[in-house]
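Participant: structure for this input, please:
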Amino acid sequence: MNKFNPLKQVENCELILDGKEWPNFHDAEIHALNIRRGDVRPDENVWIGTIIEITFELCALKNPYIVTLKFHDCEQIQMKDFNRQSALYDLNLTFEGRGALNNGEPMTPYIVVRFEQAFDAELSFKCFKIEAIGRRDID
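Facilitator: Got it, this is the predicted structure:
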């Protein structure tokens, strides 16, 4: 399986780049974290997975700024010890296989999202899509 490349796999990544590079999430602080539950109604053909939207202050950059990422169709969400600062050591994104379909074709892999902990804040989950929503200056 290929290594996760945010420049290729994060939709609209150009909105949050630091120059032409994926920004450094080391020591990032979470300003807002929203979890929206999914809505699955097969009889009505509604298939909306859980969405997590997070706004980060990227503190370790030469010119810090704020970014928002949206994670789609999230599962296995684990969160622990968030507080007034909720600082991260780093953001880790990898692929994880899910097996194969009946015809042998590989299923769409999970994107495993893990926030390396700093000061005890922990967050991890699996999703199928990551979208960059935007970037703004720090007030």
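
Participant: for the protein, longest strand please?
Facilitator: Assignment by DSSP state E gives strand 65-80 as the longest strand of the chain.

Participant: what residues does that one touch?
Facilitator: The contact list for strand 65-80 (Cβ atoms under 8 Å, 6 or more residues apart in numbering) reads 10, 15-16, 23, 31, 35, 38, 49-58, 110-111, 113, 120-138. Backbone N, C-alpha and C define where each C-beta goes, glycine included.

Participant: show me those that map onto strands.
Facilitator: 10, 31, 35, 50-58, 110-111, 113, 122-127, 129-136.

Participant: what subset of these is buried?
Facilitator: 10, 50-58, 110-111, 113, 123-127, 129-132, 135 (16 or more other Cβ atoms under 10 Å).

Participant: tell me which residues of the longest strand of the chain come out buried.
Facilitator: By 16+ other Cβ under 10 Å, the buried positions in strand 65-80 come out as 65-74.
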